[in-house]
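# got a predicted structure plus its sequence, pasted below:
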Amino acid sequence: MLWVSRKTIKMNYFPDEVLEHMFFFITSHKDRNSVSLVCKSWYKIERYSRQRVFIGNCYSISPERLIARFPGLKSLTLKGKPHFADFNLVPHEWGGFVYPWIEALAKSRIGLEELRLKRMVVSDESLEFLSKSFVNFKSLVLVSCEGFTTDGLAAIAANCRFLRELDLQENEVDDQRGHWLSCFPESCTSLVTLNFACLKGEINLGALERLVVRSPNLKSLRLNHAVPLDTLQKLLMQAPQLVDLGTGSYVDDPSSEAYSKLKSVFQRCKSIRSLSGFFEVAPHCMSAIYPICRNLTFLNLSYAPGLHGNELTKLIQHCRKLQRLWILDCIGDKGLGVVASTCKELQELRVFPSDLGPGNAAMTEEGLVLLSEGCPKLNSLLYFCQQMTNAALITVAKNCPNFIRFRLCILDPVKCDPVTNQPLDEGFGAIVHFCKGLKRLSLTGLLTDQVFNYIGMYAEQLEMLSIAFAGDSDEGMLYVLNGCKKLRKLEIMKSRFGNAALLEDMGKYEAMRSLWMSSCEVTLGGCKTLAEKMPRLSVEIINESEQMEFSHDDRQKVDKMYLYRTLVGHRKDSPAFVCIL
Amino acid sequence: MSPPLLGVEEEGQSNVSSPSVDCMSQNGLGLKERNYLGLSDCSSVDSSGVSSLPEDNKNLNLKATELRLGLPGSQSPERETELCLLNVGKFDEKALFPLLPSKDGICSSSQKSVITGNKRGFSDTLDGFSAVKGSVYTEKDWMFHGAGSDYEFPQPVAHGKYPGNSGVNVMLSARSSGAQASVKNDGPATVLQEQPCSTNETNLNQIGISNNNSAPAAKAQVVGWPPIRSFRTKTLANSSKNNDEVDGKPGPGALFVKVSMDGAPYLRKVDLRTYSTYGELSSALEKMFSCFTLGQFGSHGAPGKELLSESTLKDLLHGSEYVLTYEDKDGDWMLVGDVPWEMFIETCKRLKTMKSADAIGLAPRSMEKSKNSNWKDYSGYDR
């Protein structure tokens, strides 16, 4: 006992500067949050020294409280709409506006340098405001955002004098003119990352070339489809130091001068480790890339339906060091066999569905099994396929126990095991049983409550679960809510879960980020009960459109419910078709 | 615990005889049409189908368990009243995901097309494609449902396009495929394999997925399925448009043509440039469509059914029952194999397997080819 108190006393003698220095090495958000809970002095030191803040739900906290707690903030990550908004389940005007955040931050003395947004609505005004408010602003990353045009980008280009990173990933951008690239002043030489692959419009190629020429630190360059192959060649001549390249339109005549120049310049690009793009691709031009393939760790061909068959497998056979591969299902099961025998270091695979399916385009369980046999390091999977069997899933689980993310999407969402006609409960049960580190799981196929029983029992690390067309009764959902202690996000569509499941353990939702339920059995009355009992949850009922009136019948089933914990009460910016109970 | 499965004639089901059984009798598979929407216009339902109504409590149960999409403008009360009729014949208490608001679930004999609300009854969509024509839908449409509006209206059958997610709907209704399924409704493919319909009713009717009696092709969509970001679907749609534009041009571009196979649930596309002979094309087609045939039936096929086994498939392609045809630049349907390969790929716009019976009048093997006048009449196969 004496020994313990001596130890305690010793800790108190640490000067703040020492603690601060220690905390400098603690970078994960979770760890920082834990540190801040130890004692009041640690809380204080931590909050002044925190520079990076992650907010998973922009409505869970207000910008004012953020600023009050972390005056040293330099980098902010915000997420807006719920995940299912990606699949058109959330109307566009639902919310997730970044403007109030920028406004609040601008008013304060926060020296914002980095802003990373996902699924938020970003207006041109916000971008302009952002560009003018923070002198040292360095990095803008927008993922799956919308609401802005290239005018907003022009403001960023023109006003952010020390811009290092402009990274646009899969945003819906209105292309007004191609001139935004010309808005980078001649004095801007600091670019490290420039990714405009998602832009649909034309690009001022001359301005692009000049920009690349004066950006000696450029490491990541991802072009959009409007940049032709001969421009690519010119750019690479100026930037052989690139680490990450996204090609534009990769089409030319193999006998052209531009193509032969491209071939030789690729041989000089010894640093490229990550390759993407290939919107429009001429298969006969792929051989130019072979020299870089041997060093590639990330290859994204998921927007290249023109590449398939032999050309595709030949390319993959050159990529022996690949760790992450994003591909379309035109690769087929056999193609995955090639991946399995070539890419022994593979950790992440995403197979997206394509609409063109010459030959063996349909993925089945065979491809996945082959992959699991060849790539035991696999830890992250997104797999769209035609069918799956329990046997295959069990084999995969045993071969690859390291899965952290496992997302299976059988295109027929209620398809059973075609060999045994059984539901896929056992297969997914094996996944959660063998993959003890599983954090994210998406299920499809014919599934009963039993699979949720398994998940509740075995998926101890599970943080995010996506369910569609599954389960028989409230029991299913209850297994999950009771069993998965680390669950943070649960999203359910079209499943037979109702009020009993929703209301059984209401406190659980305060330990989670959010719950989404659409087209389930939950009624308005159930949601109201929940909202009443849990004031620190925001329970939103989302109607399809403004025309729909909110019924007052408590027995009516709710079409879409989204609830999340929040420290700041109901949001004030919800549109008419959202009712917050 | 597992709820009664769709399309299954099982113990305990007989008391809730599906009216659709009547219509399905030709089927023998015990596949029932199901109304997954539980919504919409009962009046459109063929009354002949409604042979026995479940008891009220059963009705209520079914009603209560109906999943519905929140469609704009559709109100719960309406649904409630309409459910009674629609619930008839549903012995699957499990969620029948109501994908479409329109009529459903009952007899499939009429050719009426009913559109209520913004969505079509699933079998509305299916019935548009008669057995003869096969039921197809473009994977493309199906995948990219998320790209555009959530609700789409029926497209004319003539385009040979299977509306978007109706394929998905088919599959959804295939929930019936479960342990006890005497017929494996694993997916549109399988079911569609089950014997060509003897009547004009679609193959799809046999599937029991095909909920509906009639209806021209309609585009049915499930919002939120498949779970693909709309950014991705739009981008791929654009790039395939670009690919299409390249069709017919010599040079490095791919030459994609649509292939519709009788009985397959969706269209595929092949790049004719990847083959250099008819033989290669034919074996590729075989492989492509074989995924619809294998492992689907086991021993559960009801007697009298012609299962589309692998051998049958080969017969289809090589034998006498079906022929492979193509639509040329003039819009005429020709038998494949008549012209030299290079000429073929330059003129071919689309490929299709047709029953030999229907192919009568198409340009017969080379000899008659020069007699143009006769077979202009048959250019109406505008599927």
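In hand now; what should we look at?
# residues from the stretch 451-581 of chain A in reach of chain B?
A:466, A:468-469, A:472, A:493-496, A:518-521, A:543-545, A:547-548, A:551, A:553, A:556-557, A:559-560 (C-beta under 8 Å from any C-beta of the partner chain). Using the backbone N, CA and C atoms, a C-beta is placed for each residue, glycine as well.
# now, which of the residues you listed lie within strands?
Under the assignment DSSP state E, those contribute A:466, A:468, A:493, A:518, A:560 to strands.
# is it true that the first one touches A:Ser442?
Yes: the pair A:Ser466 and A:Ser442 passes the contact test of C-beta atoms under 8 Å, sitting 4.0 Å apart.
# which residues do these two both contact?
Listed as contacting both A:Ser466 and A:Ser442 by C-beta atoms under 8 Å, 6 or more residues apart in numbering or on different chains are A:407, B:227.
# any stretches of chain B with poor pLDDT?
B:1-221, B:240-254, B:263-266, B:289-322, B:359-383 (pLDDT under 70).
# repeat that for 50
Applying pLDDT under 50 to chain B flags the ranges B:1-31, B:35-64, B:69-220, B:246-252, B:293-310, B:364-383.
# just chain A next, same as before
In chain A, residues with pLDDT under 50: A:1-2, A:356-360.
# domains of it?
By the assignment in the TED database, chain A contains the domains A:13-50, A:56-218.
# winner for burial among these?
The highest mean neighbour count among the domains of chain A, using mean count of other C-beta atoms under 10 Å in any protein chain shown, belongs to domain A:56-218: a mean of 19.
# quick check: end-to-end length of it?
End-to-end distance for domain A:56-218: 30 Å, by C-alpha to C-alpha, to the nearest Å.
# against B:Arg229, how distant is A:Arg65?
Plainly put, A:Arg65 is 32 Å away from B:Arg229 if you go by C-beta to C-beta, to the nearest Å.
# thinking again about what came up before, who wins for proximity to chain B among the domains of chain A?
When the domains of chain A are compared by C-beta to the nearest C-beta, domain A:56-218 sits nearest chain B, at 4.4 Å.
# run the chain-centre distance for that closest one.
16 Å (C-alpha atoms, centre = their mean, to the nearest Å).
# one step back: which of the residues of the stretch 451-581 of chain A next to chain B are buried? Put it as a ChimeraX command.
If you want just the buried ones from these in ChimeraX, going by 16 or more other C-beta atoms under 10 Å in any protein chain shown, the selection is:
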select /A:466,468,469,472,493,494,495,496,518,519,520,521,543,544,548,551,556,557,559,560
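# now do the contacts for A:Thr566.
If you count contacts by C-beta under 8 Å, 6+ apart, A:Thr566 has them with A:57, A:59-61, A:536-538.
# okay if I get those as a markdown table plus secondary structure?
Formatted as a markdown table, the contacts of A:Thr566 follow (DSSP: H, G, I helix; E, B strand; the rest coil):
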| residue | secondary structure |
| --- | --- |
| A:Asn57 | coil |
| A:Tyr59 | coil |
| A:Ser60 | coil |
| A:Ile61 | coil |
| A:Arg536 | coil |
| A:Leu537 | strand |
| A:Ser538 | strand |
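# widest-spaced pair of these?
Taking C-beta to C-beta as the measure, the contacts of A:Thr566 span a maximum distance of 14.1 Å, between A:Ile61 and A:Leu537.
# OK, now which residue of the stretch 451-581 of chain A is nearest to chain B?
Closest point on the stretch 451-581 of chain A to chain B, by C-beta to the nearest C-beta, is A:Asp559, at 2.7 Å.
# for A:Leu89, see how far away that residue is.
10 Å.
# find the residues that touch each one of those two.
In contact with both A:Asp559 and A:Leu89: A:Ser518, using C-beta under 8 Å, 6+ apart.
# near chain B, which residues of the stretch 201-350 of chain A?
Along the stretch 201-350 of chain A, the residues adjacent to chain B under the rule C-beta under 8 Å from any C-beta are A:225, A:251, A:253-254, A:279-280, A:282-285, A:302-306, A:309.
# can I have the buried ones of those residues as a PyMOL selection?
The PyMOL selection below is limited to those of these classed as buried (16+ other C-beta under 10 Å):
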select buried, chain A and resi 225+251+279+280+282+283+284+285+302+303+304+305+306+309
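# ok so, going back, quick one: the residue of the stretch 451-581 of chain A closest to chain B and A:Ser519 touch, right?
Yes: using C-beta under 8 Å, A:Asp559 is in contact with A:Ser519, at 6.5 Å.
# burial check on B:Ser276, number of neighbours?
Residues near B:Ser276, counting by other C-beta atoms under 10 Å in any protein chain shown, number 12.
# repeat that for A:Arg488.
16.
# how about it, what does it touch?
A:56, A:463-464, A:512-513.
# change it to 7 Å
By C-beta atoms under 7 Å, 6 or more residues apart in numbering or on different chains, the residues touching A:Arg488 are A:463-464, A:512-513.
# same check, this time on A:Val369
A:392, A:395-396.
# and it, that one's in a strand?
No: read with three-state DSSP, A:Val369 is helix and lies in no strand.
# measure it to A:Arg320 for me?
On the measure of C-beta to C-beta, A:Val369 and A:Arg320 end up 22 Å apart.
# cool, and A:Ala430?
When C-beta to C-beta is the yardstick, A:Ala430 and A:Arg320 sit 30 Å from each other.
# same question, A:Leu130
From A:Leu130 to A:Arg320 the distance is 43 Å (C-beta to C-beta).
# what of B:Lys352?
Distance, B:Lys352 to A:Arg320, by C-beta to C-beta: 43 Å.
# how about A:Val432?
32 Å.
# which of those two has more residues huddled nearby?
Set A:Val432 next to A:Arg320 and count neighbours by other C-beta under 10 Å: A:Val432 wins out with 25 against 14.
# what lies in contact with the helix or strand in which that one is found?
Element membership for A:Val432, per DSSP states H and E: helix A:425-434. When contacts are defined by C-beta under 7 Å, 6+ apart, helix A:425-434 is touched by residues A:388-390, A:393-394, A:397-398, A:401, A:403, A:406, A:438, A:443, A:447-448, A:450-451, A:454-455, A:458-459.
# note down every partner strand of the helix or strand following it and its orientation.
Downstream of helix A:425-434, the next assigned helix or strand under DSSP H and E is strand A:440-443. Using DSSP bridges, strand A:440-443 pairs in its sheet with strand A:405-410 (parallel), strand A:464-468 (parallel).
# now do the first one against helix A:425-434, angle only.
By that I understand strand A:405-410. Interaxial angle, strand A:405-410 versus helix A:425-434 (axes from the mean of the first three to the mean of the last three C-alpha atoms, to 10 degrees): 170 degrees.
# can you give the contact residues for strand A:405-410?
With contact meaning C-beta under 7 Å, 6+ apart, strand A:405-410 is reached by A:380-385, A:387-388, A:431, A:435, A:438-445, B:226-227.
# may I see the ChimeraX selection of the buried members of those residues?
With 16+ other C-beta under 10 Å as the criterion, this ChimeraX line picks the buried residues out of the contacts of strand A:405-410:
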select /A:380,381,382,383,384,385,387,388,431,435,438,439,440,441,442,443,444,445 /B:226,227
